[in-house]
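[1] fold the stuff below for me.
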Amino acid sequence: MAQSQMRGTSLGAMFFSRRRPTRSDRLLPLKIATLLVGGVLGLAGMRAGNSLLVGLAIVVVVIGFLLRFLPHRDPEADAKDSSDAVH
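    Alright, predicted model coming up:
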(Lines give C-alpha, C1' and ligand atoms only; values in the text may rest on other atoms or scores of the structure.)
Protein backbone atom coordinates (compact mmCIF):
# COMPACT_ATOMS: atom_id res chain seq x y z
CA MET A 1 0.00 0.00 0.00
CA ALA A 2 2.84 2.38 0.78
CA GLN A 3 4.25 1.83 -2.70
CA SER A 4 0.96 2.78 -4.35
CA GLN A 5 0.76 5.96 -2.27
CA MET A 6 4.30 6.90 -3.19
CA ARG A 7 3.67 6.12 -6.82
CA GLY A 8 0.57 8.33 -6.80
CA THR A 9 2.53 11.13 -5.18
CA SER A 10 5.30 10.98 -7.74
CA LEU A 11 2.80 10.91 -10.58
CA GLY A 12 1.00 13.91 -9.09
CA ALA A 13 4.26 15.76 -8.68
CA MET A 14 5.15 14.94 -12.26
CA PHE A 15 1.94 16.43 -13.60
CA PHE A 16 1.80 19.47 -11.36
CA SER A 17 5.44 20.40 -11.80
CA ARG A 18 4.75 21.30 -15.43
CA ARG A 19 2.15 23.89 -14.58
CA ARG A 20 2.93 27.50 -15.28
CA PRO A 21 2.89 29.85 -12.34
CA THR A 22 -0.56 31.30 -11.85
CA ARG A 23 -1.16 34.95 -12.60
CA SER A 24 -4.26 37.03 -12.49
CA ASP A 25 -6.23 37.17 -15.71
CA ARG A 26 -7.98 40.50 -16.03
CA LEU A 27 -10.11 39.17 -18.90
CA LEU A 28 -11.43 36.13 -17.05
CA PRO A 29 -14.86 37.68 -16.30
CA LEU A 30 -15.24 38.62 -19.97
CA LYS A 31 -14.26 35.12 -21.08
CA ILE A 32 -16.78 33.56 -18.71
CA ALA A 33 -19.49 35.99 -19.84
CA THR A 34 -18.92 35.17 -23.51
CA LEU A 35 -19.14 31.46 -22.74
CA LEU A 36 -22.38 31.89 -20.81
CA VAL A 37 -23.98 34.23 -23.36
CA GLY A 38 -22.92 32.01 -26.24
CA GLY A 39 -24.27 28.94 -24.49
CA VAL A 40 -27.62 30.54 -23.71
CA LEU A 41 -27.95 31.89 -27.25
CA GLY A 42 -27.05 28.50 -28.68
CA LEU A 43 -29.54 26.63 -26.53
CA ALA A 44 -32.27 29.17 -27.23
CA GLY A 45 -31.55 29.01 -30.94
CA MET A 46 -31.67 25.21 -30.98
CA ARG A 47 -34.87 25.17 -28.95
CA ALA A 48 -36.54 27.69 -31.27
CA GLY A 49 -35.05 26.18 -34.41
CA ASN A 50 -33.52 29.57 -35.27
CA SER A 51 -30.26 29.14 -37.14
CA LEU A 52 -29.52 32.86 -36.82
CA LEU A 53 -29.33 32.57 -33.02
CA VAL A 54 -27.18 29.46 -33.27
CA GLY A 55 -24.82 31.26 -35.65
CA LEU A 56 -24.67 34.25 -33.34
CA ALA A 57 -23.89 31.92 -30.43
CA ILE A 58 -21.00 30.41 -32.39
CA VAL A 59 -19.63 33.88 -33.12
CA VAL A 60 -19.84 34.87 -29.44
CA VAL A 61 -18.08 31.69 -28.28
CA VAL A 62 -15.34 32.11 -30.92
CA ILE A 63 -14.77 35.69 -29.72
CA GLY A 64 -14.41 34.37 -26.19
CA PHE A 65 -11.97 31.75 -27.41
CA LEU A 66 -9.91 34.36 -29.25
CA LEU A 67 -9.66 36.42 -26.05
CA ARG A 68 -7.38 33.65 -24.82
CA PHE A 69 -4.67 34.75 -27.22
CA LEU A 70 -4.55 38.41 -26.20
CA PRO A 71 -1.26 39.27 -24.53
CA HIS A 72 -1.34 39.28 -20.75
CA ARG A 73 -0.45 42.55 -19.10
CA ASP A 74 0.86 42.60 -15.58
CA PRO A 75 -0.95 45.32 -13.60
CA GLU A 76 1.98 45.59 -11.16
CA ALA A 77 4.44 46.19 -14.00
CA ASP A 78 2.10 48.80 -15.51
CA ALA A 79 1.91 50.61 -12.15
CA LYS A 80 5.70 50.53 -11.86
CA ASP A 81 6.15 51.89 -15.39
CA SER A 82 3.71 54.72 -14.79
CA SER A 83 5.36 55.65 -11.47
CA ASP A 84 8.77 55.70 -13.20
CA ALA A 85 7.43 58.04 -15.87
CA VAL A 86 6.24 60.53 -13.23
CA HIS A 87 9.69 60.92 -11.68
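[2] only C-alpha atoms from now on, for both contacts and neighbour counts.
    Noted.
[3] list the buried residues of the longest helix seen in the chain.
    Longest helix in the chain, counting residues (DSSP state H): helix 28-48. For helix 28-48, the buried set under the neighbour-count rule, 16 or more other C-alpha atoms under 10 Å, comprises 31, 34-36, 38-39, 41-42, 45.
[4] and for stretch 43-63?
    Buried positions in stretch 43-63, judged by neighbour count with 16+ other C-alpha under 10 Å: 45, 53-54, 57-58, 60-61.
[5] and the residue nearest to Arg68 when sequence neighbours are not counted, how close does it get to Leu56?
    Nearest residue to Arg68, sequence neighbours excluded (C-alpha to C-alpha, 6 or more residues apart in numbering): Lys31, at 8.0 Å. Distance, Lys31 to Leu56, by C-alpha to C-alpha, to the nearest Å: 16 Å.
[6] just His72 next, same as before
    When distances are taken as C-alpha to C-alpha, His72 and Leu56 turn out to be 27 Å apart.
[7] and for Val62?
    Separation of Val62 from Leu56 (C-alpha to C-alpha): 10 Å.
[8] between those two, which contacts overlap?
    Common neighbours of Val62 and Leu56, using C-alpha atoms under 8 Å, 6 or more residues apart in numbering, do not exist here.
[9] now do the contacts for Leu32.
    Quick fix: residue 32 is Ile, not Leu. For Ile32, the set of contacting residues under the criterion of C-alpha under 8 Å, 6+ apart consists of Gly64.
[10] mind checking pLDDT for it?
    In the predicted model, Ile32 carries a pLDDT score of 93.
[11] ditto for Phe16
    60.
[12] would you list every one of the helices in the chain?
    Assigned by DSSP H, the chain shows helices spanning 2-16, 28-48, 51-66, 75-86.
[13] just give me the lowest mean pLDDT stretch among these.
    Within the helices of the chain, the least confident segment by mean pLDDT turns out to be helix 2-16, at a mean of 56.
[14] can you tell me what sits against stretch 47-65?
    For stretch 47-65, the surrounding residues in contact (C-alpha under 8 Å, 6+ apart) are 30-32, 34-35, 37-46.
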